[in-house]
Structure formats: C-alpha cells, structure tokens
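> structure of the sequence below:
(2 chains)
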Number of protein chains: 2
Amino acid sequence: MAQRHPETALASDDVAAPPCIGSDSAGEVLSHYLHDQAGVFLRALAVTGQPDDDSETTLPLRRSARRIAAALHTYAPLTDPGWAEPFRTELGWLATTLSREHQHAARLARLLSALHRLASEEDSPHSYDRLAPPPPGPQPVRARGNETTPGSGPLAVGAARAGALLDRQLRLARTRAHSAALQAMGSSRFHAVADAVAVLVSDVPLSAAAAAPAAHTLPALTEQAHARLTDAVGALPLARAAHPYTADALRAALGAEDAAERQDAPWHRVRSLLRISRYACEIHPYGDVDAEPAGRLSAAARTLEQHREAAEASAAVASAARTPRIAPATAYALGVLHTDQRQEVEAARFAFARLWQRPASGA
Amino acid sequence: MAQRHPETALASDDVAAPPCIGSDSAGEVLSHYLHDQAGVFLRALAVTGQPDDDSETTLPLRRSARRIAAALHTYAPLTDPGWAEPFRTELGWLATTLSREHQHAARLARLLSALHRLASEEDSPHSYDRLAPPPPGPQPVRARGNETTPGSGPLAVGAARAGALLDRQLRLARTRAHSAALQAMGSSRFHAVADAVAVLVSDVPLSAAAAAPAAHTLPALTEQAHARLTDAVGALPLARAAHPYTADALRAALGAEDAAERQDAPWHRVRSLLRISRYACEIHPYGDVDAEPAGRLSAAARTLEQHREAAEASAAVASAARTPRIAPATAYALGVLHTDQRQEVEAARFAFARLWQRPASGA
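Take a look at the predicted model:
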C-alpha cells in the first residue's frame, strides 16, 4: 500500500497545511478536510475516466471516498444527518465496488505465492517479516500455478492442480469485479455520488453544532471514535493471542462453514474502527500523550489488514475445495494451503496483540 | 513421562546413593551405574515375562536399555570396544522394537485429539500449554474419529472420514508392532541381549583406562558428550526458529516426499544427543556452573520429544493421504491435519530455541 502515513501527511510540505484548530470553528476544520478529500476524488476522476486493466488507478477514488465517509461518521454531529447518512452509504458502496477487483488479484497473488513457498524447500530469510508492510504499488503475481512443482510426486501434482484451480476461479472473480466496477462507474448512481462529492468543494452542509470552536468539539469527537476502538479491542482475546502457536485460528478449519467467519468478526470490526481512528487523526491529531499515537495506529492497522487478507484467502481456498469432482491430491493441497493461511491469520493476531500490549511511547 | 529427573534421583533417599567420585576409579563409578540399570532391566523382565496389551509394561526395559547403551557410548574409552559396540547395537534394536507399539498408540491419540480440536469451535484454554510435559502414564485416546463431527457439512464429514482412516491404519500398525515385540521377546536374539545385561550385574568388561580416578576421567568424557550436543545445536537455525510464525516447518508440506525428513533430521539428532547428555548427568552430574543444568536439559529434551512426535504424526497423515480412492473431503481434512502437525513441529522448535537461548540460571 502506497498510502501515506497520517503523520507524514501532516508533516510534509507538499500537502495542505494542518488545519489551525486554535481559532477556527469545528465546521471550518471539517470543511477544510472534506474540501481537500473532494479535490483528490475529483482530480482522480478526471484522470481516470474509466478504470482500465490496472485496478490501482481507482485507488485515489477509493481512498478519498473512505476518508470522506469516515469523517462524516466520526464528526457526525457537525453535519446535517439527513444529507450525511445516505451519502456515507453511497460512498461505502462505491469504495467497496471499486476495491473488489484489486482484492481478488491480491488474493490470487498471495495464494500462489503461498503454494510456491509450501512446495519449495529453500529458505526464505524474510518470511518472518511477513507482517512488515508490503512494498508500495500493486503486488506482482510472484508464482504461477504451474511453477509450483519443483518435485514430481503426488503432493507436487496436487499443489500444481490446486494453483491452477485457484488461478481459474480467482481470475474469473477478478474479471467479474472489473466488469461490475466499469458498470458502476457508468451508472447514474455513481454520477450522483460524484455530484455529491463535488458539492463538498464549495459547501459542506453543517449543523448548528459546527459553529462551536474546533478546539473544544473536535477532541471530544475524536476521543469518542477512539473509545469505540478501545472497547472493541477490549472484546478481543488479546492475552491469549499474545502467546504464539495457540492454534486458535486453526480451530475453525474443519468446523462449521461459518465458524471462521464468526471467529474473525471481532478482529475485522477492530480493523474497521482502527481505520476510522486513523482518519480522525488526520483531521485532529491526538495531542494527549495517553492516547494512541498515529504511527502505532498505522502499524496496528497493517497487522489487521494482513489478518483480513489471510482470512479471506483461506475462505477462498475452502470455497475452491467445494468444487465438485476435484482429485484427492488437489483437495489435500487445498487443505494444506487453507491451514497455512489460517496460521497467517493467527500470526497477524499475535503481531497485533504484541503491538497493542506494548506500552505506548511517543508518536 | 513418569521418568524421574536426574537431580531428583540423585537427591532422594529411596535410590542408590550417588557414586562417590572422590576416591573411586572411573571404571568403578561406571560399573556401579551399569549394575543399577541392569538390575532395573532384569527385575522388569521377571515381572513382565511377555508384553501384554498395555505397551507401557515394557517401559522399564526400554528405559534401562537406552541408559545402558548411552553410558557405553559416552564412556566408551572405559570399556572393551569389541564387547561394548555390538552390545550397544543390540540394546538399540531392543529399545526400538519395544517402543513402536506405544508410539503408534500415542500417534493415533495425538491425531484424533488434533482432529477433534480442528473440528470444534469452543476454546481450549490450555492449548498454549501444549509444550508442557504430558501427564505420566499412557495417554488416553481422547477423541474417536466418529466423535469429531460437531457440524454436518462436507468439512465435518471429511474430518470424520479422515479420523476413521487414521484409526484403521494406526491401529493396524500398532497391532503389527505388538506382534513384532512379542516375536522379538521370544527370539534367541532377545535372550542373548538379556544374558549380556545379566553379565553387567556382576562384571563389566572394562578397559585399562577405567583404572584412572573417576574425578579426572568422567568429567572429560561427560564434557565431550556435551560438546557434541553443543555442536549439533550450533548447526540448528535457532536465531530464526526463535521468531514465531516463520512457517518454516510448513515449507516441506507440499514439497518432495523426503523434504520434511531432511528438514527435521538435525533436530532429531539434537534430541538424541540431548538424551545422551541427560543420561551422562545421571552418572556424573555437571559440577561446572557454566555447563547446562540437568533440569534445563530435561526441559529441552521434552520440546524435541514433542518435535519428533508431531513430525512423525504429520508423516503418518501424509502417508494416509496416499491411500488410493479416498474422497476429496477426506483428503482435504488430511491436508489440514498434516499442516496442523507441521505447525506443532514449528512450535516445538520455537520453544526449544527460546529455552536454549535463555541464559542458564542454576539447576
């Protein structure tokens, strides 16, 4: 992800200066942020026109749509709810629709790379850095299904067949997501969202509460967002997840079909709240030393992004295993790959738990 | 394992007093130990007669055979090599033949228990204590194949079928090992070993070097055993294994059939050398504070015992997956189970690496 860290964005010279909370009203600070994000959205729209084969071209659209929606959520009392709530829903639809193609591509790359790793013997000295942030830009498909066969035994054949099956299924899903994104961007629904974003450049429909000084209002609302995050984190089994090799994430591997989903849901919720808190930091950086520094929020968000990707990849493998008439060797390889991805789910929880439990120290 | 820790054995009143190294010759101290072990062996033989269905009845025979063989190895310069070397080979054959039945039973229990865990959703609060020593005595079979089906989807059916397949194959292997043990104990080869052990009670064929004072000779030989262990540990990728979730042990999961074996071999070698060092501590406890205390050797040995059991269990699963005409759902469950056990292999390496890298502190 090439996404700029909030603290970098606020510190560097080439972006808008941080809002001056001292004298402005809360509405002015929020409007300033929404103007900026709307500008990013509209410039990306002018450049992009329509998404081409590279799903990365819709990235600025998705990013600004998510930031606008998050700002309207965190600072909801400052805006007209009759306008903001349906607008947020539409922004969410847009971001989700445009992100699917990229997600299928990334999932395929992740799974073929994992199959390659599982089928090869040589050491990968960096595999324990798996939770480090990935390099910027789209991730290349490192291994193709038919390259995962260094041996020639039944296991290697199974790995190659599993790779080919996943390749077929996820490429199809990607193509469908691409068509759906094209269709969405040509729809009147999309144009209505773009028009609503254009309005933000000139005029944000504020509520009466927005007239209050930013210095009083914004910290309280940001803290509320953070409190929701803290509550959600408190519901996670962190003390347990901080022990390595609990095999907890494997628990669902042969259980009921929705068991993994139920187990993962509280972690996904924290991921989503982390994103909202991070975006809130862009509008109103935490000044309180007791609060979470933005850098730590970003690092925590990355671990749970890995968690989501591994969980969704393992679900895709389980789904592929339900394909009728697959060979036992293929099914075996899919079972191995599924469990490997569930182990990555567990590794991400471990990394998050250790990060969160470490005492906060400066930004 | 009900096995008494060396330091306990040396401290408690109900066993032979520790050899008085101060004035005795090296040969006298070694003979004293071999007399004791031969006594254990012969008493167990008198009680056992023939192994019955409980493979645990041969445990004292296996234990004393391994200790005698280890002592003859570590203190080889003190005995007649023409006698000791073939005797050690025969003791190894005996211990291995008698242990197979128990190993198959333990493997089946481990795998059915793992299947149960993988198919159930509820938390097991102690699963991160998996590397703690198991309770003494034979481990009960906690879950039967047909009890691993809390759901009714294809995954649960696959888990139940995989359990039934493993149950059938490992019970057959256990029965065969039982027959082989019975046959071995009725053989002239076994009687020759028993006769050779009986000789130890009265007379150990010592070399000229055995006449040297124990205080000079034994520490040097014990240190040599420990140096071999240290060298073997030095060849392990410990710095890397001390990071959790490297996925290194999964690397072989879809590779060449002997890839796992090659990857595990250096760890198995350390396990074997750890046992030899532990037994050497029973004859000549390390007095040097810089050396490994016996308690730490025992703990390290337990982690690598878990490593061996998980590695052999995963190999049994891979072997079951090669059964012709299994259903894809069964193969999928076996793939999941195989990877789960490889994760336990990795967890054991992690535990060993952390234990070994921790600075030694008293016994």
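
> not counting residues beside it along the chain, what's closest to the residue in the stretch 251-363 of chain A that chain B sits nearest to?
Residue of the stretch 251-363 of chain A nearest chain B, by Cβ to the nearest Cβ: A:G335 (2.3 Å). Bear in mind the C-beta positions are built from the backbone N, C-alpha and C, glycine included. In space, and not counting its chain neighbours, A:G335 is closest to B:G335: 2.3 Å by Cβ to Cβ, 6 or more residues apart in numbering or on different chains.

> equivalent analysis for A:A318, please.
The shortest distance from A:A318 to any non-neighbouring residue, by Cβ to Cβ, 6+ apart, is to A:H338 (5.6 Å).

> follow-up on the earlier one: which element is the residue of the stretch 251-363 of chain A closest to chain B on?
helix A:328-357 (DSSP states H and E).

> any buried residues in that helix, and which?
A:328-353, A:356 (16 or more other Cβ atoms under 10 Å in any protein chain shown).

> contacts only, for A:I68.
A:34, A:37-38, A:41, A:91, A:197, A:200 (Cβ atoms under 8 Å, 6 or more residues apart in numbering or on different chains).

> how about low-confidence regions in chain A?
A:1-22, A:49-56, A:122-151, A:285-293, A:360-363 (pLDDT under 70).

> please, where are all the helices along it?
Here chain A has its helices, by DSSP state H, at A:6-11, A:26-48, A:59-74, A:81-119, A:154-185, A:188-202, A:214-234, A:238-241, A:259-283, A:294-321, A:328-357.

> coming back round to it: and which of the contacts of A:I68 is nearest to B:S64?
Nearest to B:S64 among the contacts of A:I68: A:L91, at 75.1 Å, using Cβ to Cβ.

> that closest one and A:V345, how far apart?
29 Å (Cβ to Cβ, to the nearest Å).

> thinking again about what came up before, other SSEs contacting the helix holding A:G335?
Secondary-structure packing of helix A:328-357 (3 or more Cβ pairs under 8 Å, 6 or more residues apart in numbering or on different chains; DSSP states H and E): helix A:81-119, helix A:154-185, helix A:238-241, helix A:259-283, helix A:294-321, helix B:328-357.

> report the angle between it and helix A:294-321.
160 degrees (axes from the mean of the first three to the mean of the last three Cα atoms, to 10 degrees).

> for B:A38, see how far away the most centrally placed residue in chain A is.
Geometric centre of chain A, nearest residue: A:E305, 5.2 Å, by Cα atoms, centre = their mean. Plainly put, A:E305 is 64 Å away from B:A38 if you go by Cβ to Cβ.

> over to A:T57?
Using Cβ to Cβ, A:T57 is found at 80 Å from B:A38.

> with neighbour numbers in mind, choose between these two.
When A:T57 is set against B:A38 and neighbours are counted by other Cβ atoms under 10 Å in any protein chain shown, the residue ahead is B:A38, at 22 against 16.

> excluding its backbone neighbours, what's nearest that one?
Spatial nearest neighbour of B:A38, excluding adjacent residues (Cβ to Cβ, 6+ apart): B:L200 at 3.8 Å.

> spit out the contact partners of that neighbour.
B:34-35, B:37-38, B:68.

> for A:Q341, same thing?
The contact partners of A:Q341, taken as Cβ under 8 Å, 6+ apart, are A:111, A:114, A:310-311, A:313-314, A:317.

> what's near enough to touch A:R354?
Counting by Cβ under 8 Å, 6+ apart, A:R354 makes contact with A:A242.

> can you do 10 Å?
The neighbourhood of A:R354, defined by Cβ atoms under 10 Å, 6 or more residues apart in numbering or on different chains, consists of A:238, A:241-242, A:244, A:303, B:244.

> and these, which of them are buried?
Buried members of the contacts of A:R354, counted by 16+ other Cβ under 10 Å: A:241-242, A:244, A:303, B:244.

> can I assume the residue nearest to A:A318 is in contact with A:A311?
No: the criterion here is Cβ atoms under 10 Å, and A:H338 misses it with A:A311 at 11.1 Å.

> give the residues shared as contacts by these two.
A:A260.

> what is the burial count for the closest residue to A:H216 other than its chain neighbours?
Nearest residue to A:H216 in three dimensions, chain neighbours excluded: A:A26, at 7.7 Å (Cβ to Cβ, 6+ apart). Around A:A26 there are 27 other residues, counting by other Cβ under 10 Å.

> quick one, what contacts A:A26?
Contacts of A:A26 were listed using Cβ under 10 Å, 6+ apart, and they are A:75, A:77-78, A:206-207, A:209-218, A:220-221, A:283-284.

> circling back: quick check: the farthest pair among the contacts of B:L200?
For the contacts of B:L200, the maximum inter-member distance is 10.5 Å, found between B:H35 and B:I68 (Cβ to Cβ).

> returning to what we had before: measure the residue nearest to B:A38 to chain A for me?
According to Cβ to the nearest Cβ, to the nearest Å, B:L200 stands 43 Å off from chain A.

> is it correct that A:L170 is in contact with A:A164?
No: look at A:L170 against A:A164 with Cβ under 10 Å: they stay out of range, at 11.2 Å.

> overlap in contacts, those two.
Residues touching both A:L170 and A:A164 (Cβ under 10 Å, 6+ apart): A:L112.

> who has more neighbours, the two?
Set A:L170 next to A:A164 and count neighbours by other Cβ under 10 Å: A:L170 wins out with 23 against 16.

> not counting its neighbours along the chain, what's nearest that one?
In space, and not counting its chain neighbours, A:L170 is closest to A:L108: 4.0 Å by Cβ to Cβ, 6+ apart.

> tell me, how many residues neighbour the one you found?
Counted by other Cβ under 10 Å, the residues lying close to A:L108 total 24.

> A:E85 now?
13.

> for the closest residue to A:A44 other than its chain neighbours, give me its contacts.
Spatially, and ignoring its direct neighbours in sequence, A:A44 is nearest to A:P60 (3.6 Å; Cβ to Cβ, 6+ apart). Applying Cβ under 10 Å, 6+ apart to A:P60 gives the contacts A:40-41, A:43-45, A:47-48.

> ok, A:T303 - contacts?
Residues near A:T303 by Cβ under 10 Å, 6+ apart: A:131, A:133, A:267, A:271, A:274, A:347-356.

> wait, A:L254 touches B:A162, no?
Yes: between A:L254 and B:A162 there is a contact under Cβ under 10 Å: 8.4 Å.

> okay, and the common contacts of these two?
Common neighbours of A:L254 and B:A162, counting by Cβ under 10 Å, 6+ apart, are A:335, B:115, B:118-119, B:148, B:329, B:332-333, B:336-337.

> how about those, which pair is most distant?
Greatest spacing in the shared contacts of A:L254 and B:A162, by Cβ to Cβ: A:G335 and B:T148 (14.8 Å).

> noted, bye for now.
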